[in-house]
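S.K.: Build me a structure from this.
(one chain, ligands or ions: 2)
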Amino acid sequence: MIIGLTGSIASGKSTVANFLKKRGYPIVDADEIARLVVEPGSPVLKEIESVFGADVIKEDGSMDRAKMGKLIFDDNRKREQLNTIIHPAIRKELIAQKEAQIAAGAETVILDIPLLFENNLHEYVEKILVVSVTPEVQKERLMSRNQFSEQEAESRIASQLPIEIKEQGADAVIDNNGELAETEQQVVDVLKKWQV
Ligand SMILES: CC(C)(COP(=O)(O)OP(=O)(O)OC[C@H]1O[C@@H](n2cnc3c(N)ncnc32)[C@H](O)[C@@H]1O)[C@@H](O)C(=O)NCCC(=O)NCCS
Ligand SMILES: Nc1ncnc2c1ncn2[C@@H]1O[C@H](COP(=O)(O)OP(=O)(O)OP(=O)(O)O)[C@@H](O)[C@H]1O
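M.R.: Ligands and ions are numbered 1, 2, ... in the order given. Model (predicted):
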């Protein structure tokens with residue numbers, strides 16, 4: 001079974017993915033792939049440089065992620081421009097990694113994709129697991145994890161579909177507002193229910 005794991009920024013996808021990894025489920029991580037496809041010298045990074053300028057490239061040839069974040073989360077047009085360049089490469093690698101897991105004999109594969117709904121990637125998965133938190137908890141955790149100001153956190157949250165909409169498209173929702181142990185128990189319950 002191919003399971004899509006999603007939620008909003010800082011809702012706890014990586015946290016849930018770690019619980020699943022611990023139980024032996026293979027994880028394909030879209031954020032990790034987003035880093036892979038912009039490695040120094042990659043065609044995707046070259047295109048980013050030609051559109052956004054040399055200013056977003058650091059001295060060691062890697063993308064300046066902090067600078068890019070500031071640029072795109074405050075400007076919808078720039079975010080769309082980056083998405084247009086980078087998302088096709090992410091999608092291709094995501095499918096390749098999923099296929100490789102299946103070829104290696106995995107019966108269940110978890111695709112951890114923050115923008116599963118936004119990018120219409122639900123066609124690649126059979127079940128959707130949404131990790132949810134209240135807007136207050138989300139903002140607080142995002143600010144503390146990334147040392148963001150309230151405004152920085154708000155603009156990132158606003159760049160994604162509201163969590164209620166994602167919940168409506170879910171086969172199961174994990175409430176991650178409480179203790180980690182409660183979250184882990186919900187994950188175990190879902191796996192049991194889905195018989196995977
Ligand atoms: C803008 C970038 C350089 C900022 O890097 P940074 O290291 O600060 O953040 P990171 O990559 O760890 O992403 C953190 C979270 O931000 C959210 N996010 C990232 N990119 C986007 C986007 N284009 N639109 C909406 N939300 C996004 C996701 O929830 C993600 O989990 C980076 O996020 C990026 O390259 N984004 C474009 C690729 C993308 O869409 N990635 C999301 C997974 S498909
Ligand atoms: N139940 C919890 N209790 C307390 N802190 C938590 C809990 N779940 C997650 N966190 C913390 O909240 C932050 C966000 O969690 P996590 O990184 O798992 O979210 P994410 O959805 O993967 O984020 P992103 O969209 O940015 O990839 C992290 O600092 C994490 O340690």
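S.K.: Okay, domains of this protein per the record?
M.R.: 1-26+106-196, 31-96 (automatic domain parsing).
S.K.: and those, which is most packed in?
M.R.: Each of these was scored by mean neighbour count; the highest is domain 1-26+106-196, a mean of 17, by mean count of other Cβ atoms under 10 Å. For the C-beta atoms, the positions are set from N, CA and C on the backbone; glycine is no exception.
S.K.: start to end distance for it?
M.R.: Its first and final residues considered, domain 1-26+106-196 spans 7 Å by Cα to Cα, to the nearest Å.
S.K.: May I have the phi/psi pair for the most centrally placed residue in the chain?
M.R.: The centroid of the chain falls nearest to Pro114 when counting by Cα atoms, centre = their mean (2.7 Å). Pro114 adopts backbone torsions of phi -60, psi -40, taken as degrees, to the nearest 10.
S.K.: quick one: contacts for it?
M.R.: By Cβ atoms under 8 Å, 6 or more residues apart in numbering, the contact list for Pro114 reads 6-9, 13, 30-31, 160.
S.K.: Then Ser50?
M.R.: Contacts of Ser50 by Cβ under 8 Å, 6+ apart: none found.
S.K.: Just the pLDDT for it.
M.R.: Model confidence at Ser50, given as pLDDT, is 98.
S.K.: Kindly report the same for Glu123.
M.R.: So, for Glu123, pLDDT stands at 89.
S.K.: Glu118 belongs to a strand?
M.R.: No. Glu118 is assigned coil when assessed by DSSP: H, G, I helix; E, B strand; the rest coil, not a strand.
S.K.: Let me know the outermost residue of the protein.
M.R.: Glu59 (27.2 Å).
S.K.: mind checking how far the host helix or strand of Val188 is from the chain centre?
M.R.: Element membership of Val188 [criterion: DSSP states H and E] is helix 180-194. Relative to its parent chain, helix 180-194 has a centroid offset of 20 Å by Cα atoms, centre = their mean, to the nearest Å.
S.K.: now stretch 108-120
M.R.: The answer for stretch 108-120 is 7 Å, by Cα atoms, centre = their mean.
S.K.: Close to ligand 2: what parts of the protein are there?
M.R.: 7, 9-15, 31, 114, 141, 145, 176, 180, 183 (Cβ under 6 Å from any ligand atom).
S.K.: Quick check: of those, which lies closest to Gln195?
M.R.: Distance to Gln195 across the residues of the chain next to ligand 2 (Cβ to Cβ) is lowest for Thr183, with 20.7 Å.
S.K.: Just the pLDDT for the closest one.
M.R.: 98.
S.K.: thinking again about what came up before, keep only those of the residues of the chain next to ligand 2 that are in strands.
M.R.: Gly7 (DSSP state E).
S.K.: quick one: the longest helix anywhere in the chain near ligand 1?
M.R.: For the chain, the longest helix by residue count, based on DSSP state H, is helix 76-103. Yes. Interface with ligand 1: helix 76-103 contributes 79, 82-83, 86, 90 (Cβ under 6 Å from any ligand atom).
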